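Engineer: Just a sequence and a predicted model for now, questions to come.
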Amino acid sequence: MTVMKRLSFIAALCVLPLTGLAEDKVKHVDAEKAAQLVAEGKVTVVDVRTEDEFKDGHIKGAANVDLLSKDFVRKLETVDKSKPVLVHCQAGGRSTRSLPKLEQAGFTEIYHLDGGMADWVKAGKPVEK
């Protein structure tokens, strides 16, 4: 076995055990699937936008936990971890950044609303003010 082949083989062995650890705990959903989960009462909705954005319109029953606040992780403690959570922001960027923090906070079943509130509104889903 050449040195390069041996190094490739060793690298592959090092990566294999990590694949189980890197399993994506997050289920990505569109507005239709998110609305279905909300309607069925299967998720707690966590809106990670600012308070002002939240006041402009949000999904009924959503908890507003601003990702940009200094105490974001502490505020997550008020959200029930035994129930699946649906997280979103305006377009998907902030909520994507929140995913590792949600996992670290102990959430085990996470749904991410891809496209965020913008796609929710575009799909004609109800907004509460």
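Structural biologist: Okay, I see it.

Engineer: All the strands of this structure, in order from the start?
Structural biologist: 26-29, 44-47, 63-64, 85-88, 110-113 (DSSP state E).

Engineer: Out of those strands, which is the most enclosed?
Structural biologist: strand 85-88 (a mean of 26; mean count of other CB atoms under 10 Å). For every residue, glycine as well, the C-beta is placed using N, CA and C.

Engineer: Just put the strands of the chain in CSV and tack on mean pLDDT.
Structural biologist: Below are the strands of the chain laid out as CSV (pLDDT from 0 to 100):
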stretch, mean pLDDT
strand 26-29, 96
strand 44-47, 98
strand 63-64, 97
strand 85-88, 98
strand 110-113, 98
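
Engineer: Please render those as a markdown table that adds distance to Gln36 to the earlier fields.
Structural biologist: Converted to a markdown table, the strands of the chain look like this (distance: least, CB to CB, whole Å):
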| stretch | distance to Gln36 |
| --- | --- |
| strand 26-29 | 9 |
| strand 44-47 | 13 |
| strand 63-64 | 19 |
| strand 85-88 | 11 |
| strand 110-113 | 11 |
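
Engineer: burial measure for Gly61, as a count.
Structural biologist: 11 (other CB atoms under 10 Å).

Engineer: Leaving out chain neighbours, which residue sits closest to it?
Structural biologist: Val45 (6.1 Å; CB to CB, 6 or more residues apart in numbering).

Engineer: Name whatever forms a beta bridge with that neighbour.
Structural biologist: Beta-bridge partners for Val45, by DSSP bridges, are Leu86.

Engineer: separation between the residue lying closest to Trp120 once chain neighbours are set aside and Leu86?
Structural biologist: Nearest non-adjacent residue to Trp120, counting by CB to CB, 6+ apart: Ala31, 4.8 Å away. Plainly put, Ala31 is 11 Å away from Leu86 if you go by CB to CB, to the nearest Å.
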